[in-house]
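Asks: requesting a structural model of the entry that follows:
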Amino acid sequence: MAERSGAPDPQSYDGPPRPSLSNAPAFSTASEGHRTGFLAKLGPFAVLLIASSAFGGDEPPDDAVAAKVDGQPIYARTVDRVLQRAVGQAEVHPAALPILRARLLRELVDRRLVLAYAERTKSGATPEEVDAAWDAMAVTWQRQGRSLEDLLEARSIDEADLRREITWSLTWKKLSGRYITDRRLAAHFESHRREFDGSEVSVRHIRLRPEPHADSDAIDALMKQAALIRIEITSGKLSFEAAARRHSTGPSAEQGGRLGFIRRHGAMAEAFARAAFALEPGQVSRPIRTRFGVHLIRPDEIKPGEKQWTDVRRKLAEALDRELIDKLAQVQRAYSKVEIIAD
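Replies: Numbering: from 1, shown residues only. I've put the predicted structure just below:
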């Protein structure tokens, strides 16, 4: 396999890996355009910390703590800065922000648990390796006429933050490098072939869109409405096509909700695509949230793809990265104390 990333690039280093938010319910008032969901573009190991302030209200105090892992704090300002970086300039429904913050916080807690696991099992970066990476970064910046102080100021982090993230980068390279083998990649491909082989699924959907200023209660009401519509469909009282014409707020309503063929990755919102590819033709999904609203999804036809696991190595590696974080965090929970202070 090609070597996986190690110490942070001093020119691009911007903090810890960003958790994947691609299935988070970030509602938008945009038209029916699931194909451009901004969260679907965020990989689980992109950069996290940013220098700009939080959005959607006053920034929390610098010392406000959102969670602790073994007594070590995760600050609320970090969670909000992660969220701002993820959202960027996209239009996000205010009711989705608390859900996104909670999911981000859980991801950050998991990452701390992985570091605790590595320390407990002595499988992570050694202090000497971290020192060497630190020194190499300092030398590189000096050659560019800059200093580590410039980096810390630009990212609004301190030396402890930077050292922790170097530790994470080196530790993850070790853990991931041992876990992600050709054998595991091929096995994951075989057990999730439809997701990775380029298969296409022809889908219909019913979309219920929240009002521009709807609160979380209104969104919950849409979820309940979608569940009732699903009962009408699955009980045979109403066809999916008729239900789409009657209830859907999307442009495809007049076509009985028909969207045509979609692929698993890249085009549709992650939660939408994941649900569509998990169903067999004719099955109706449970209500699914995306940034565009609440959906019911029905696949009509599947066109099998022809890609092999070697063609999609990177996507498979990303999936195994996520799997490994989940596994290690779960194992470490038996040894660590986790306190969620603000969710």
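
Asks: contacts, neighbours, all on C-alpha from now
Replies: Will do.

Asks: D135 - how many residues pack around it?
Replies: Taking other Cα atoms under 10 Å as the neighbour definition, D135 ends up with a count of 12.

Asks: check M137 too.
Replies: By other Cα under 10 Å, neighbour count at M137 equals 20.

Asks: where do the helices sit along the stretch 1-150 of the chain?
Replies: 76-87, 97-121, 127-143, 148-155 (DSSP state H, counting those that start in this stretch).

Asks: swap in the stretch 201-343 of the chain?
Replies: In the stretch 201-343 of the chain, the helices defined using DSSP H, counting those that start in this stretch lie at 216-234, 240-247, 270-278, 313-332.

Asks: tabulate the ones you listed in TSV, adding columns for mean neighbour count and mean pLDDT.
Replies: What follows is the helices of the stretch 201-343 of the chain, written out as TSV (neighbours: other Cα atoms under 10 Å; pLDDT from 0 to 100):
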stretch	mean neighbour count	mean pLDDT
helix 216-234	17	93
helix 240-247	19	97
helix 270-278	21	93
helix 313-332	17	96
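
Asks: indicate which one of those is closest to R164.
Replies: Closest to R164 of the helices of the stretch 201-343 of the chain, according to Cα to Cα: helix 313-332, at 17.0 Å.

Asks: ok, back up a step: could you export the helices of the stretch 201-343 of the chain as TSV, including distance to S176?
Replies: Formatted as TSV, the helices of the stretch 201-343 of the chain follow (distance: least, Cα to Cα, whole Å):
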stretch	distance to S176
helix 216-234	38
helix 240-247	44
helix 270-278	24
helix 313-332	7
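
Asks: which stretch among those comes nearest L175?
Replies: Smallest distance to L175 across those (Cα to Cα): 8.6 Å, for helix 313-332.

Asks: just to revisit the earlier point, most tightly surrounded among the helices of the stretch 1-150 of the chain?
Replies: The highest mean neighbour count among those, using mean count of other Cα atoms under 10 Å, belongs to helix 76-87: a mean of 23.

Asks: which elements pack onto the top strand by length along the chain?
Replies: Counting by DSSP state E, the longest strand found in the chain is strand 293-303. Secondary-structure packing of strand 293-303 (3 or more Cα pairs under 8 Å, 6 or more residues apart in numbering; DSSP states H and E): strand 200-208, helix 216-234, helix 270-278, strand 288-290.

Asks: try 10 Å
Replies: Applying 3 or more Cα pairs under 10 Å, 6 or more residues apart in numbering; DSSP states H and E, we find strand 293-303 packed against strand 200-208, helix 216-234, helix 240-247, strand 258-263, helix 270-278, strand 288-290.

Asks: now the shortest one: mean pLDDT?
Replies: What that stands for is strand 288-290. On average, the pLDDT along strand 288-290 is 91.

Asks: strand partners (parallel or antiparallel) of it?
Replies: Strand 288-290 pairs in its sheet with strand 293-303 (antiparallel), by DSSP bridges.

Asks: buried ones in the partner strand?
Replies: By neighbour count with 16 or more other Cα atoms under 10 Å, strand 293-303 contains the buried residues G293, V294, H295, L296, I297, R298, P299, D300, I302.

Asks: tell me the pLDDT at the nearest residue in space to the first one that is not next to it in sequence?
Replies: The reference is to G293. Sequence neighbours aside, R209 is the residue nearest to G293 in space, at 4.5 Å (criterion: Cα to Cα, 6 or more residues apart in numbering). Looking at R209, its pLDDT stands at 91.

Asks: ok, now R103?
Replies: In this model, R103 carries a pLDDT of 86.

Asks: likewise A51?
Replies: 27.

Asks: angle of the longest strand of the chain against strand 258-263?
Replies: If you take axes from the mean of the first three to the mean of the last three Cα atoms, to 10 degrees, strand 293-303 sits at 70 degrees to strand 258-263.

Asks: I'd like the average pLDDT over strand 293-303.
Replies: Strand 293-303 comes out at a mean pLDDT of 96.

Asks: could you chop the chain up by domain?
Replies: Domain assignment for the chain by automatic domain parsing gives 17-187+315-340, 198-303.

Asks: quick one, which of the ones you listed gets closest to W309.
Replies: domain 17-187+315-340 (5.8 Å).

Asks: chain center to that closest one: distance?
Replies: Relative to its chain's centre, domain 17-187+315-340 lies at 11 Å (Cα atoms, centre = their mean, to the nearest Å).

Asks: next: stretch 266-273.
Replies: 12 Å.

Asks: pick out the shakiest of the domains of the chain, pLDDT-wise.
Replies: Here the lowest mean pLDDT among the domains of the chain goes to domain 17-187+315-340, at a mean of 77.

Asks: about what we covered before: D161 is nearest to which of the helices and strands packed on strand 293-303?
Replies: Proximity to D161, assessed across the helices and strands packed on strand 293-303 by Cα to Cα, is greatest for helix 270-278 (30.8 Å).

Asks: chain center to the closest one, what's the gap?
Replies: Centroid separation between helix 270-278 and its chain, computed with Cα atoms, centre = their mean, is 14 Å.
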